[in-house]
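*Asks:* Model the following, please.
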Amino acid sequence: NDAWRSADGGASWEKLPEAPWCKRCWFGLAALPFGAALLLGGLGAENRFLGDVWRTGDGGQSWDMLLEAAPWKPRRGLGVAALPSGAVLVLGGLAASGALNDVWYSVDGGASWEESAEAPHWPPRIDPGVAVLPSGTVLL
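*Replies:* Sure thing, here's the model as predicted:
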């Protein structure tokens with residue numbers, strides 16, 4: 001559960017105080033346009049799928065748990081994207097039931113989530129690459 005920060009484009013790195021979230025891998029991480037960042041889900045100890053949501057507003061110095069269990073299935077290898085509007089998307093990943101192709105969104109910085117009403121036509125995928133263009137167009 002260590003976190004690191006670079007303020008010079010990756011030339012040097014500073015270890016931040018130990019984060020309160022459990023050790024994990026294959027989590028989602030997204031920078032929000034208003035200066036905060038979210039850490040979501042992942043795989044914890046004993047191969048436990050996680051569905052928690054954490055936010056930092058001070059560059060990773062401290063983290064607050066927003067949700068212990070988001071309404072989406074606990075998962076690892078999730079795609080995460082922050083839109084220019086501040087909305088955040090969770091896309092696909094791997095849950096205990098298998099690969100997913102769902103889309104969830106938050107418009108309040110990760111505090112609450114809604115599932116997209118329209119089911120995506122893309123097949124289930126794990127660790128999807130996601131990019132958001134300045135226009136807000138999402139590529140998967």
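
*Asks:* Point to the residue nearest the middle of the protein.
*Replies:* When CA atoms, centre = their mean is applied to the chain, the residue found nearest the centroid is Gly28 (3.2 Å).

*Asks:* Surely that one and Leu38 touch.
*Replies:* Yes. At 7.5 Å, Gly28 and Leu38 qualify as touching, with contact defined as CB atoms under 8 Å. Where C-beta positions appear, they are placed from N, C-alpha and C, glycine not excepted.

*Asks:* Which neighbours do these two have in common?
*Replies:* Val80 (CB atoms under 8 Å, 6 or more residues apart in numbering).

*Asks:* still on that earlier bit, list the contacts for the residue nearest to the centre of the chain?
*Replies:* Neighbours of Gly28 in contact, by CB under 8 Å, 6+ apart: 38-42, 78-80, 90, 93.

*Asks:* for Leu140, same thing?
*Replies:* By CB under 8 Å, 6+ apart, the neighbours of Leu140 are 79, 91, 122, 125, 128-130.

*Asks:* Next one: it relative to Ala131, how far apart?
*Replies:* To Ala131, Leu140 is 8 Å away according to CB to CB, to the nearest Å.

*Asks:* next one: Asp8
*Replies:* 24 Å.

*Asks:* what kind of secondary structure is the residue lying closest to Ala96 once chain neighbours are set aside in?
*Replies:* Leaving aside its sequence neighbours, Ala96 sits nearest to Phe49 (CB to CB, 6 or more residues apart in numbering; 5.6 Å). Here Phe49 takes the strand state, with states given by DSSP: H, G, I helix; E, B strand; the rest coil.

*Asks:* What subset of the contacts of Leu140 is buried?
*Replies:* Those of the contacts of Leu140 that meet the buried threshold are 79, 91, 125, 128, 130, by 16 or more other CB atoms under 10 Å.

*Asks:* which pair in those spans the largest distance?
*Replies:* Farthest-apart pair in these is Arg125 and Val130; separation 10.3 Å (CB to CB).

*Asks:* so what sits against both of the two?
*Replies:* In contact with both Arg125 and Val130: 79, 140, using CB under 8 Å, 6+ apart.
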